[in-house]
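> sequence first, then the predicted structure, then my questions.
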Amino acid sequence: MTNTFSQVGTNVRKVDGMALATGGSLFVADLAPENALCGMILTSPHAHARILRMDISKAEALDGVFAVLYHGNVPRILHTTAGQGFPEPSPYDTVMFDNKVRYVGDRVAAVAAETPEIAARALSLIEVEYEILEPVFDPVKALQPGAPVIHDEPDAHVIIPVAYDKDRNLAAFVETAVGDVDGTLARCDIVVSGTYTTQYAQHCPIEPHITLCELDPYGRVRITSSTQVPWHVRRIVAQCCEIPVRRIRVIKPRIGGGFGAKQEVLIEDVCTMLCLRSGQPVLMEYSRKDEFVSSRTRHPSVCTTTLGFTKDGKIQAIRMHMVLNTGAYGSHALTVGSNCGSKVLPMYPCEHIEFKMEGAYTNLPVGGAYRGYGATQAVFSVECLIDEVAAKLGRDPLELRVQNHIRSGMGSPIFKALGEGTEGVEMTIGSCGLPECISLGAEAIEWKKPRASSGRKARGVGMAILMQGSSIPHVDMGAATIKLNEDGSFNLLMGATDLGTGSDTVLSQIAAEEIGVDTAMMIPLSSDTDVTPFDVGAYASSTTYLSGGAVKKAALLIRHQILEVAAEMLRCEQDKLSIEAGRILGGAKVITVSDVALHSLYSHNQKQIMASASHITEKSPPPFAAHFVDVEVDLDTGFVKLLKYVSAVDCGTTIHPKLAEGQTEGATMNGISFALTEEYLFNEKGRMLNPSFGHYKIFTTTDMPEMVTIMVPTYETTGPYGAKSVSEISINGALPAISNAIFNACGVRMMHGPFTPERVARALREKA
Amino acid sequence: MINVEKFIRPETIGAAVSLLKAPDCIVLAGGTGVTLSRDPNVRTVIDLSDLQELKSIDITDERIRLGAMVTMTQLRRASGLPAALVTAARAIGSTPLRNVITVGGELARGVYWNDLPVALLAMDAVVEIASEAGVEKLPIAAFLAEHPKKTLAGGKLITAVEIERRFTHVGYLKFARTEVDYAICNLACGLRVEDGVIREARVAVGAIVPLARRIPEAEQSLVGTAPGEEAFVRAAKALVEAIEPRPDFRVSREYQRQLMESLTRRVLEAASQSEQ
Amino acid sequence: MIPIELDINGQTIEMEVAPDLTLLDLLRAVGVVSVKKGCGEGDCGACGVLLDGVYVKSCLILAAQASGRSVETVESLGNVEHPHPLQTAFVDAGAVQCGFCIPSMLLAAKSLIEDHPEPTVEQIREGLDGNLCRCTGYVKQIEAVQTAAAVMKEEDHD
């Protein structure tokens, strides 16, 4: 289907780009008033301990301290910190401050003081007597009888009917089955199985979590926060601080990255309580160490997957048993775990599927939402095992994938079976550019070219194919309001949260396209809960597909209103008229949108041309991708060097091609360092040893390989102007593709991330 | 820096070494190792940035003299320096760090990951130190026999490093997880080869040991042999046997040994292929 | 307290500072908020500035150490009405996503192009190796520097 659009599909100038590049854009830290107090949190030095006694009196008495909070002086409100729609599918297992600590870095108390120095001093004056309890760090061990119970408080619970067994440290559980996996596997010619693990990792937004809370003259609380979920912040802060929603305003200014870490109500509750208690503005900023230890992480995983094939290369059965380490609290455990199945298993349709997911509490940092959201963990085993099958069959792993992957018009029982805490939604694949992604990507990496190893360096290629989703159908909602100004410009008020992704731009393009004006005529304003209508926030790859749907609906209403007034002005039938580049065509003379604005505001039948619309989605059409990588393995040191990485992606229409490429490149780079260098190192007491960029390594410009990005256009009829999503999918490819490439290069199968030189070297020695 | 009361920029080396006699002062060269210090005993900062005589680079066919305040970036821009020295300077940190990290700072810091001292050890560099008593020249191996804090205690200031071009083949190698990272293992070697025979050898290692040092066992195994795989394999084994790796939370002892063995061979091979 | 004087983006400021105040904290305290604190410990590069024309991490420089010298931040590079070719190139290349790392990266790029007016990809990568970015994967930032260098060379010829 060929479509020519005037705004969509072009690289319009990013609306906020120049303000950011000239240093004028203000982030939370830049907005803090001079008299803002410094909020600081005292964290636990123990992985598992009861707090027997606390004395905050010395801290309170310190000059310059305005408030001290601990479990004894705040309401005990069970909630989840997960930024999800209500009722949340995550357990209500968190309180603002508890009389128990569950990981090194857990909250103990907080202060608000005049300066960071005084705040730090105050924290050191808080006396805490702990009863140290035995910790458990292994998620598999945590689920076994006799393991220390992490949530032994009687009041932790789930609020929707999902499995939850805190006595067994089971934070989340989901299982689904179709057909007869056991019987089918018994009849398969090829059965491969393996247990693959992924490690702790952090999003590493360059701006750590930061929140400013102020009281306005009306006693309302204004929270300016680096958040992906302003409305969930508003609701959950109201819940935790026991104040009504109407007393709270949440604003998201410019924020320095999130990637899921900020899909969480992490510090806003404490910051608000400190503000209320002290009566002063409070700025709370996480240090980089706090960001690693006390914010959120990617759930580590232990995944045992089995694939069954017939010898003609047709997949017959899949079994996946996923154990997620959710850390000390169960935020996002069920939904990440469900996505392990729902975003991975449908890739190779077959009639016999079993999926079981257990999310285990441990006394370690807390897993949360992280770009990829379960697909990252689960696709590792599947894509590596496909290569194993190919090897056993003597087939090209690319050809085997081509033979088996899902296509347009096909469905999977998994879509309906696995939702996000509730039932999923049946879906047939609409747009699917995966075949082209595979062929174009293969060409770009020169898949068939033999790689010559030389000396102590082995060369190899590997690939992986991926799918994700676009929004959570029937669950999430976004809304937008548009109003017309005298000069033909529009205020576009959106709940949708731009965390640097460029949604302000992309949604402006969609609105402009629908109305028939230039993108430069849109004035976007987003994520202010007093001013812009509701949106769940930036997660689940929703902003283009879901929020874009709301914007398109509102823009259509606007177009009709403009044409209605224009018809009145031109004394003709409305259906004869159209808007193109800001001009109304089809009437006796050409008038402009600005003419219509002036007329409607001032001349006759005066009204403000404005419209609001809300949108929910009916399906979650997957973007697809094929990733290819060319590696060189140093056989002496185990060092894996990437020579070239190709990401070929089908995200439907690229509303803004460069922004879509940018999402792909950023996600790919993140996936690459996740595969090779990122990991949390802990001591035997559960304390993270490397909470800094100095020892938690992410790639710089001198580490990156040659990167090739190929956007494969398709047209998803259910998405605004044919768009699906693009932001998450490409973070998932590197781990399996690199493992496959290493195997191709030197015959060792890396099953445990990250593939550090030491691990590769050990695997090489064990093979020899 | 939390208890610092005075910040002084001496205008002469003489003034500097006088001030440095006080035990509660600290030298500020580039500052990267000092700015974030929370040592409560430091009360005075001595900022060397006005000492122009410490910033010169002199290169001749016979010798090289690098002032203590020469930065890694300036070192890399100078032409005529041994490749191994330039490689070591390049291996340090990232651009903004190389722009301020100094020769003197790299020598005085005494942390396991310092890169430059390893290269300087393999070149038999000589460290020039000023004090109220005058100027002394200490061979770098002697300078690093103790922790530099001790060697420089009581009013001593590194003013320059001098290198004579004695070795015909020098090499430097750093191994880390990423390009911008603290070394897991860094190695340097200097060979004087005459008539196809190694007459003198220097082998230095860093990061696997708490303070950069030479490995005499490896050096002795090379002297009198022809440069080649056999000699290098033997030297590598000698090095591994001679070192007890320091505990590194990033890697296992076993891997440290594996690295030392293969990287020693590698740095010797690389050096033998590059003529100075 | 230590009296210092420095030139910030062409304006001389004189003040007294605590000895342990970093240049980063000083700059932000006097309103130069384009300089960001991403880690405060010398690893991320979001605090980069030009100190006497040399690209450095301001969280690792003491304010007192900068006394008598000049500091240049992105505010002096250009503004929305008259952007510097680097700023235009970055925006148009799609190299600006969340923007938190950008002010310092622009200064690193400026310094790099001064050293290498026709930089190779390798030189660009090295010049930017002190700037962590988690949004972009660096691809378009490197392209932007190439574009800007070409434009700046043209402008020099004019």
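Structure's in. What do you need?
> can you list the domains in chain C?
Annotated domains of chain C cover C:2-76, C:85-157 [automatic domain parsing].
> A:Cys746 contacts A:Leu764, doesn't it?
Yes. Assessed by C-beta atoms under 8 Å, A:Cys746 is found in contact with A:Leu764 at 6.5 Å. (Glycine included, C-beta is placed from N, CA and C.)
> one step back: closest one to A:Arg401 among the domains of chain C?
A:Arg401 sits nearest to domain C:85-157 of all the domains of chain C, at 24.7 Å, using C-beta to C-beta.
> what about the closest one and chain A, touching?
Yes. Judged by C-beta under 8 Å from any C-beta of the partner chain, domain C:85-157 comes into contact with chain A through C:87, C:90-103, C:106, C:124-126, C:128-142.
> ok so, going back, need the domains of chain C in TSV with mean pLDDT, can you?
TSV is the format used below for the domains of chain C (pLDDT from 0 to 100):
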stretch	mean pLDDT
domain C:2-76	97
domain C:85-157	97
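> okay, these, which one's buried deepest?
domain C:85-157 (a mean of 23; mean count of other C-beta atoms under 10 Å in any protein chain shown).
> I'd guess A:Asn744 is in a helix, am I close?
Yes. Per DSSP: H, G, I helix; E, B strand; the rest coil, A:Asn744 lies within a helix segment.
> excluding chain neighbours, what is closest to it?
The spatial neighbour of A:Asn744 that comes closest, neighbours along the chain excluded (C-beta to C-beta, 6 or more residues apart in numbering or on different chains), is A:Gly460 at 3.4 Å.
> phi, psi of the one you found?
phi -160, psi 160 (degrees, to the nearest 10).
> so what's the residue count around the residue in the stretch 101-250 of chain B that chain C sits nearest to?
At 5.8 Å from chain C, B:Val180 is the closest residue in the stretch 101-250 of chain B, using C-beta to the nearest C-beta. Residues contacting B:Val180 under the criterion other C-beta atoms under 10 Å in any protein chain shown number 26.
> residues touching the nearest residue to it once chain neighbours are set aside, list them.
Distances taken as C-beta to C-beta, 6+ apart place B:Ser94 nearest to B:Val180, at 4.7 Å, with adjacent residues excluded. Counting by C-beta atoms under 8 Å, 6 or more residues apart in numbering or on different chains, B:Ser94 touches A:Thr700, B:Val180, C:Gly45, C:Asp129, C:Gly130.
> report the separation between B:Ser94 and B:Ile101.
10 Å (C-beta to C-beta, to the nearest Å).
> who's in contact with B:Asn99?
Taking C-beta under 8 Å, 6+ apart as the definition, contacts of B:Asn99 comprise B:Thr71, B:Met72, B:Thr73, C:Val54, C:Tyr55, C:Val56.
> tell me which stretches of the stretch 201-350 of chain A form helices.
Using DSSP state H, counting those that start in this stretch, the helices assigned to the stretch 201-350 of chain A run over residues A:230-241, A:268-278, A:288-293, A:333-342.
> what sits up against stretch C:8-26?
Against stretch C:8-26 from outside (C-beta under 8 Å, 6+ apart): B:1-2, B:4-7, B:35, B:45, C:1-7, C:27, C:30, C:32, C:35, C:37, C:40, C:47, C:49, C:51, C:58-66, C:70-73, C:75-76.
> restrict the residues you listed to contacts with chain A.
C:Lys37, C:Gly40, C:Thr73, C:Glu75.
> just flag the most distant two among those residues.
Counting by C-beta to C-beta, the most remote pair of those is C:Gly40 and C:Glu75, 21.2 Å apart.
> if we can go back for a sec, near chain B, list only the ones from the residues of domain C:85-157 next to chain A.
C:Glu126, C:Leu128, C:Asp129, C:Gly130.
> if I look at the first one, how far off is B:Glu230?
By that I understand C:Glu126. The value you get for C:Glu126 to B:Glu230, if C-beta to C-beta is used, is 37 Å.
> quick revisit: helix, strand or coil for the residue of the stretch 101-250 of chain B closest to chain C?
Going by three-state DSSP: B:Val180 is coil.
> dump the residue contacts of residue 90.
All of this is about chain A. A:Thr80, A:Ala82, A:Gln84, A:Gly330, A:Ser331, A:His332, A:Ala333, A:Leu334, A:Thr335.
> should've been chain C
A:Gly17, A:Ala21, C:Val96, C:Ile102, C:Met105, C:Leu106, C:Gln141, C:Ala144, C:Ala148.
> then B:Thr159?
B:Ile13, B:Glu53, B:Leu54, B:Gly67, B:Ala68, B:Gly104, B:Glu128, B:Ile129, B:Ala130, B:Val135.
> dihedrals phi and psi, it?
The phi/psi pair for B:Thr159 (degrees, to the nearest 10) is phi -110, psi -30.
> for A:Lys166, which non-adjacent residue is spatially closest?
Using C-beta to C-beta, 6+ apart, the closest residue to A:Lys166 is A:His151 (4.1 Å).
> what about the one you found, distance to chain B?
Here A:His151 is placed at a distance of 30 Å from chain B (C-beta to the nearest C-beta, to the nearest Å).
> what sits against that residue?
A:His151 touches A:Asp93, A:Arg102, A:Lys166, A:Asn169, A:Tyr361, counting by C-beta under 8 Å, 6+ apart.
> measure it to chain C for me?
32 Å.
> any idea how many residues pack against residue 198?
Just going to use chain A. 25.
> please go with chain B instead
B:Ile198: 24 neighbours (other C-beta under 10 Å).
> in a strand, it, correct?
Yes. Assessed by three-state DSSP, B:Ile198 belongs to a strand.
> and the strand or helix carrying B:Glu217, what does it pack against?
B:Glu217 belongs to helix B:216-222 when elements are defined using DSSP states H and E. With contacts defined as 3 or more C-beta pairs under 8 Å, 6 or more residues apart in numbering or on different chains; DSSP states H and E, the packing partners of helix B:216-222 are strand B:197-206, helix B:229-242.
> in CSV: those, plus distance to chain C.
Below are the helices and strands packed on helix B:216-222 laid out as CSV (distance: least, C-beta to the nearest C-beta, whole Å):
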stretch, distance to chain C
strand B:197-206, 20
helix B:229-242, 30
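> give me whichever of the ones you listed is most buried.
By mean count of other C-beta under 10 Å, the helices and strands packed on helix B:216-222 have strand B:197-206 as the most buried, with a mean of 23.
> other residues contacting stretch A:414-428?
A:89, A:160, A:162, A:174, A:176, A:178, A:334-335, A:338-339, A:341-342, A:345-346, A:353, A:355, A:409-412, A:472-475, A:618-621.
> could you dump it to PDB, C-alpha only?
Taking Å, rounded to 0.1, in the frame of the first residue of the first chain, the C-alpha atoms of stretch A:414-428 are listed here in PDB:
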ATOM      1  CA  ILE A 414      -0.400 -17.300  23.400                       C
ATOM      2  CA  PHE A 415      -1.800 -13.900  22.500                       C
ATOM      3  CA  LYS A 416      -5.100 -14.700  24.200                       C
ATOM      4  CA  ALA A 417      -3.600 -16.800  27.000                       C
ATOM      5  CA  LEU A 418      -1.100 -14.400  28.300                       C
ATOM      6  CA  GLY A 419      -2.200 -10.900  29.200                       C
ATOM      7  CA  GLU A 420      -0.700  -8.600  31.800                       C
ATOM      8  CA  GLY A 421      -2.400 -10.000  34.900                       C
ATOM      9  CA  THR A 422      -5.700 -10.400  33.100                       C
ATOM     10  CA  GLU A 423      -6.500 -12.300  30.000                       C
ATOM     11  CA  GLY A 424      -4.700 -11.300  26.900                       C
ATOM     12  CA  VAL A 425      -6.300 -10.400  23.600                       C
ATOM     13  CA  GLU A 426      -6.700 -12.600  20.600                       C
ATOM     14  CA  MET A 427      -4.700 -11.300  17.600                       C
ATOM     15  CA  THR A 428      -3.900 -12.100  14.100                       C
END
